[in-house]
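> next input, structure requested:
(chains A, B and C)
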Amino acid sequence: MPELPEVETVVRGLAPVLSGRRLASVIANRPDLRRPIPHDLGQRLTGATVTAVTRRAKYGLIATDRDDTLIFHLGMSGRMRLDPGDSGPHDHVVFTTNERRRIVFTDPRRFGLLALTLTADLAAHPLLAGIGPEPLGPTFTAAYLARRCEGRIAPIKALLLDQRIVAGIGNIYASEALHRARLHPAREGGTLTRIEIAALVRALRAVLRAAIAAGGSSLRDHVGVDGVLGLFQKSWTAYGREGEPCACGTAIVRSVQSGRSSFHCPRCQT
DNA sequence: CCGACAACCTGACGGC
DNA sequence: TGCCGTCAGGTTGTCG
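Numbers count the residues shown, from 1 in each chain, chains lettered A, B, ... in the order given. You can find the predicted model right below:
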């Protein structure tokens, strides 16, 4: 469940439970996810007080007063569950606070990851160092995106999915933003006009903001740490709507680009 | 630089 | 009911 709006929803759910609280225990139930879970995870985090819970791209960041930052990524199926009433075979890491709140990292497919770094080294961490600007931040401008698209023959959808160009966009919101901006997902990046780029930047921001306000999108999993489903999938205008009508009445078409489903309106998007 | 593809894993779903 | 193929929100590496 994890593109930028879903991770933002998780971070906002975790912050009030973790910020200013001491971690009473941090227990990993298995040694690895997509990569090894840091062997000193429990040792470095237990007893530490959380100073901030934030997000960069699709990564959640939990900083402590011991100058460590825990980096987490939810992969495809990862969730952070708050005080879950049940447990299962995919509950990989359990955090318990001094207030006895339990946060369980659950991830059936194990495409997620946990990493630890000194907070001072966070920006230089290999997972984060090459990542592009936040799409809701001040440096993600039409001028910037135009420069990154210049001369590129790759499809614009592929460029949007490239985390080095812009952070946090995934398959759903790439399709949604392109639909909103009336741009065909297969358009070569370098052929976009300045007007089109500006529309795309506005569309990305609008879609992401609306999705965050709705608590993200839920396919089959819960999004919020409290188990509350995100609602934004009800607002999808293109993604997952093959054969259903666009606002213009034309049926949405599904295609495959670089091995991933793409959805667009053949009439509106050019 | 480019795109296609496979790999990493499990689960859900539709068709037969 | 069960088996099988297909698909899924991501990332990373290889190959041509």
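> residue A:94 and residue A:22, how far apart?
Between residue A:94 and residue A:22 the distance is 15 Å, computed by CB to CB, to the nearest Å. Quick note: C-beta positions are derived from backbone N, CA and C, even for glycine.
> compare the two and say which one has the larger neighbour count.
Between residue A:94 and residue A:22, counted using other CB atoms under 10 Å, the more crowded position is residue A:94 (18 against 15).
> in what helix or strand does the more buried one lie?
strand A:91-97 (DSSP states H and E).
> likewise residue A:61?
strand A:59-64.
> partner strands of that strand and their direction?
Applying DSSP bridges, strand A:59-64 is found paired with strand A:50-56 (antiparallel), strand A:68-73 (antiparallel).
> what angle do the longest one and strand A:91-97 make?
Put plainly, it is strand A:50-56. In terms of direction (axes from the mean of the first three to the mean of the last three CA atoms, to 10 degrees), strand A:50-56 departs from strand A:91-97 by 140 degrees.
> and what of the shortest one?
For the pair strand A:68-73 and strand A:91-97, the angle between their directions (the same axes, to 10 degrees) equals 140 degrees.
> can you show me the strands along chain A?
A:23-28, A:50-56, A:59-64, A:68-73, A:79-82, A:91-97, A:102-106, A:113-118, A:253-257, A:260-264 (DSSP state E).
> now do residue A:235, the pLDDT please.
In this model, residue A:235 is scored at 89, pLDDT.
> ok, it - how many residues close by?
13.
> ok, it to residue A:102 distance?
In terms of CB to CB, residue A:235 sits 32 Å off from residue A:102.
> and residue A:6, what does it touch?
A:74, A:216-217, A:223, A:230 (CB atoms under 8 Å, 6 or more residues apart in numbering).
> sorry, slip of the keys, the one I care about is residue A:4.
A:55, A:57-58, A:135, A:167-170, A:173, A:208, A:212.
> distance check, the closest residue to residue A:88 other than its chain neighbours against DNA strand B.
Nearest residue to residue A:88, sequence neighbours excluded (CB to CB, 6 or more residues apart in numbering): residue A:106, at 6.9 Å. Distance, residue A:106 to DNA strand B, by CB to the nearest atom of the strand, to the nearest Å: 10 Å.
> which bits of the stretch 1-150 of chain A sit near DNA strand B?
Within the stretch 1-150 of chain A, the residues that sit near DNA strand B (CB under 7 Å from any atom of the strand) are A:34, A:77, A:89-90, A:108-111.
> pull the CA atoms of the strand holding residue A:61 into PDB?
Extracted in PDB, the C-alpha atoms of strand A:59-64 (Å, rounded to 0.1, in the frame of the first residue of the first chain):
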ATOM      1  CA  TYR A  59      10.400   6.100   3.300                       C
ATOM      2  CA  GLY A  60       9.200   6.700   6.900                       C
ATOM      3  CA  LEU A  61      11.800   8.100   9.200                       C
ATOM      4  CA  ILE A  62      11.800   7.700  13.000                       C
ATOM      5  CA  ALA A  63      14.500   9.800  14.700                       C
ATOM      6  CA  THR A  64      15.600   9.300  18.300                       C
END
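> so it versus strand A:113-118, what angle?
Going by the same axes, to 10 degrees, strand A:59-64 makes 40 degrees with strand A:113-118.
> thank you kindly, that will do.
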